[in-house]
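A.B. asks: next input, structure requested:
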Amino acid sequence: MTPPARRSPGFLSKMAASSGRSGRRLWAALVPAALLCLAARAAEEPSTADFDVRPGGEVHSFSRSLGDYTCTFTYSAQGGTNEQWQMNIGVSEDNLLFSCSVWRPQGKSYLFFTQFKAEVKGAKIEHAMAYSQAAVGGQSDVPLKQEEFEITETTVSHREGKFRFELSKLVIVAKTPHDEL
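C.D. replies: Numbering: from 1, shown residues only. This next block holds a predicted model:
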């Protein structure tokens, strides 16, 4: 049996772009699946760490590094009590992609986020998505509306005046620098 053809990361973006309005739904399904594949094929062991998201209105940050790459989640939240969240980072087997996921394993967060930003260092964001609800127990991921957040080469962050204060998950796939032969 012949193994399936490997497709470049650009394949997914072209596929999503060509699907127009349904592209966002396609990304909502494809990005988490791509991250699972990255984690399963990681050259360095992927790293998952628990941390508390603390309300109180102060700005807090949590960072993890793997080799030359770092992911930092910075936020401010109000209401309720501490929530346990997780950050997972991994590098693909070919060292071309770095992934970072930040989420609440219980699904929906009950905190009121006044701001958020996830930043990667050592790589440039290829694809990213933010969710108001993370998939758990038969529930589906619920993506934020595109106007609620913005993506740059190295960050995913809330969009002032548009973000509706709900966040439960962030997913980033970033392209690592590599030398062409």
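A.B. asks: and residue 118, how far is that from residue 172?
C.D. replies: The gap separating residue 118 from residue 172 is 6 Å, by C-beta to C-beta, to the nearest Å. C-beta here means a position set from N, CA and C on the backbone, and glycine is covered the same way.
A.B. asks: ok, residue 63 next?
C.D. replies: 13 Å.
A.B. asks: shared neighbours of these two, anything?
C.D. replies: residue 71 (C-beta atoms under 8 Å, 6 or more residues apart in numbering).
A.B. asks: quick one, which of those two is more surrounded?
C.D. replies: residue 172 (27 against 15; other C-beta atoms under 10 Å).
A.B. asks: is it true that the more buried one touches residue 97?
C.D. replies: No. Between residue 172 and residue 97 there is no contact under C-beta atoms under 8 Å: 10.2 Å.
A.B. asks: please name the nearest non-neighbouring residue to residue 153.
C.D. replies: Excluding the flanking residues, the one nearest residue 153 by C-beta to C-beta, 6 or more residues apart in numbering is residue 124, at 4.7 Å.
A.B. asks: the one you found reaches residue 175, doesn't it?
C.D. replies: Yes. Counting by C-beta under 8 Å, residue 175 is a contact partner of residue 124 at 5.4 Å.
A.B. asks: where do the strands sit along this structure?
C.D. replies: 47-53, 60-66, 69-78, 83-91, 97-103, 112-121, 124-133, 142-143, 149-151, 155-158, 169-175 (DSSP state E).
A.B. asks: just name the most buried of these.
C.D. replies: Ranked by mean neighbour count, the strands of the chain are led by strand 97-103 with a mean of 27 (mean count of other C-beta atoms under 10 Å).
A.B. asks: just checking: what are the partner strands of that one?
C.D. replies: strand 83-91 (antiparallel), strand 169-175 (antiparallel) (DSSP bridges).
A.B. asks: dump the ones you listed to JSON lines, plus mean pLDDT.
C.D. replies: What follows is those, written out as JSON lines (pLDDT from 0 to 100):
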{"stretch": "strand 83-91", "mean pLDDT": "98"}
{"stretch": "strand 169-175", "mean pLDDT": "98"}
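A.B. asks: tell me how far the residue nearest to residue 153 lies from residue 173.
C.D. replies: 11 Å.
A.B. asks: likewise for residue 110?
C.D. replies: The gap separating residue 110 from residue 173 is 28 Å, by C-beta to C-beta.
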